[in-house]
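[1] Pasting the sequence and the predicted model now:
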Amino acid sequence: MESSNIYTFIVNKDANKIEIGQAIEKLWDVTVKDVRTMRYSGKTKRSQMARLARNAGTPGRRPSFKKAVIQLTEGDHIELYEAG
C-alpha cells in the first residue's frame, strides 16, 4: 500500500497512537496524517511432534503483539528498501 502512503508496523504493546506517530515522524522525517492500532492476542498452538513427544499435546503459545497502520500526508514516503 505504499502508493497510498499507508505503512504497517509491529510496535510495542504499551505504545499509544501519539507516541507511535511521533516516533515515525522523528525516525523518517515525515508528517503522519493518521495512526490506527490493533491488538492481537497470541494463539495457543500444539506441538507438531505431539505424537512422538513424551508430554504429548502440551500446548505452546504464540506471542501477543500490537500492529500500527500509519498514513502519511501526500508527498511523503518512507524508503524501507533502498535500491542498489
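    Happy to help now that I have it. Worth saying up front: this structure is predicted, and the values here are computed from it rather than measured.

[2] Please name the residues that touch residue 40.
    64, 65, 66, 67 (Cβ atoms under 8 Å, 6 or more residues apart in numbering). For glycine as for every other residue, the C-beta is placed from the backbone atoms N, C-alpha and C.

[3] ugh, typo on my part, it should be residue 74
    Per Cβ under 8 Å, 6+ apart, neighbours of residue 74: residue 5.

[4] and it, how far is that from residue 45?
    42 Å (Cβ to Cβ, to the nearest Å).

[5] pLDDT weak spots in the chain?
    1-3, 47-58, 81-84 (pLDDT under 70).

[6] Show me where it has its helices.
    Ranges of helices within the chain are 17-28, based on DSSP state H.

[7] which one of the contacts of residue 40 has the most neighbours?
    Neighbour count (other Cβ atoms under 10 Å) singles out residue 66 as the most crowded of the contacts of residue 40, with 16 neighbours.

[8] if you skip the residues just before and after it, what's nearest to that residue?
    Of all residues not flanking residue 66 in the chain, residue 13 sits nearest, at 4.7 Å (Cβ to Cβ, 6 or more residues apart in numbering).

[9] Appreciated, that's everything.
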